[in-house]
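# What would the 3D arrangement of this be:
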Amino acid sequence: MTLVTPWFRRPFVGFDTETTGVDVETARIVTASVMRWGGGMQTITYCNWLSDLGGAEIPAETTEIHGVTTEAARSAGRPAAEVVAEIVACLRHLTQPHWPIVAMNAQFDLTILERECERYGVPSLWGAAAPLVLDPRVLDKHCDPWRKGRRRLVDLCHHYRVPMEGGAHNAEVDARAACGVTWKIVQRNRPLQKLDLRDLHELQAEWAQDQQESFRDYQLRKYGAADESPFAWPLIPRPSVDGGAR
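Numbering: from 1, shown residues only. Next up is the predicted model:
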């Protein structure tokens, strides 16, 4: 009889990006990191990328967050199209053994990657064998909905006692931290362990939508207006011409 290792004892595929902005339709990848984390194996960062931005620029206020200037990216970065293609190839390779991608606020990083694929003619990561995703932000909000305080990655690291080995807003540091937080959440919440990984992926899509609707309700109550941008997890649909999503 062959024993099957449960999904939460297999490696995670950590993924994070730092970008030129927060609008998924226009932001470009500046840096990215992909790693294999946990599963009884040594954590290995497969690659860290710096893009030349493909002609885009990094606003000064964004440079203040992650520390990369337009000049540094253009002089030391690799061609953006090559970077995007390599990120997709690396993620596709590591998720073939059914290891999940782990990304904090996954719909942001994965949607930006998808838009970059479209921009440069790179085949989508979301082909016939679409990856499964774990998002510590969605999982934390679902498992501990009434906890007060902020829920940035640095806050989750503090709450779950996961070391952040370096400064925040560094793609490699954030990818590693997201994996550690996700593992702690799963260890503390045994009902998650009983779920099939694909079922958990699909449930997160429902939970993320519910969480977004709850946040919009809060915005309406507090400010009289809410963010009506298209939303879905783990990929945000493109807005249509009439302002909806498609």
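# remind me, longest helix of this structure?
Using DSSP state H to define each element, the chain has its longest helix at helix 197-223.
# residues of that one that come out buried?
Buried residues in helix 197-223, counted by 16 or more other Cβ atoms under 10 Å: 197, 200-201, 204-205, 207-208, 211-212. No exception for glycine: its C-beta is placed from N, CA and C like everyone else's.
# closest to residue 187 among these?
When these are ranked by distance to residue 187 (Cβ to Cβ), residue 200 comes first, at 14.4 Å.
# So, low pLDDT: which residues of the protein?
Counting by pLDDT under 70, the chain has low-confidence residues at 1-3, 241-246.
# In it, what residue spans correspond to strands?
Using DSSP state E, the strands of the chain run over 12-19, 29-37, 44-50, 101-102, 133-134.
# Turn the ones you listed into JSON lines, columns for distance to residue 68 and mean neighbour count.
Below are the strands of the chain laid out as JSON lines (distance: least, Cβ to Cβ, whole Å; neighbours: other Cβ atoms under 10 Å):
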{"stretch": "strand 12-19", "distance to residue 68": "7", "mean neighbour count": "27"}
{"stretch": "strand 29-37", "distance to residue 68": "5", "mean neighbour count": "24"}
{"stretch": "strand 44-50", "distance to residue 68": "7", "mean neighbour count": "16"}
{"stretch": "strand 101-102", "distance to residue 68": "23", "mean neighbour count": "26"}
{"stretch": "strand 133-134", "distance to residue 68": "26", "mean neighbour count": "26"}
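# Can you give me the distance of the residue nearest to residue 63 when sequence neighbours are not counted to residue 108?
Distances taken as Cβ to Cβ, 6 or more residues apart in numbering place residue 69 nearest to residue 63, at 5.2 Å, with adjacent residues excluded. Residue 69 sits 22 Å away from residue 108, going by Cβ to Cβ, to the nearest Å.
# what's the answer for residue 117, then?
Applying Cβ to Cβ to residue 117 and residue 108 gives a distance of 15 Å.
# Residue 58 contacts residue 70, correct?
Yes: applying Cβ atoms under 8 Å, one finds residue 58 in contact with residue 70, separated by 4.7 Å.
# So if I had to pick from those two, which one is more boxed in?
Set residue 58 next to residue 70 and count neighbours by other Cβ atoms under 10 Å: residue 58 wins out with 23 against 19.
# What residues does the more buried one make contact with?
Residue 58 makes contacts with 20, 30, 68-70, 73, as judged by Cβ atoms under 8 Å, 6 or more residues apart in numbering.
# Report the two of these separated the most.
For the contacts of residue 58, the maximum inter-member distance is 11.3 Å, found between 20 and 69 (Cβ to Cβ).
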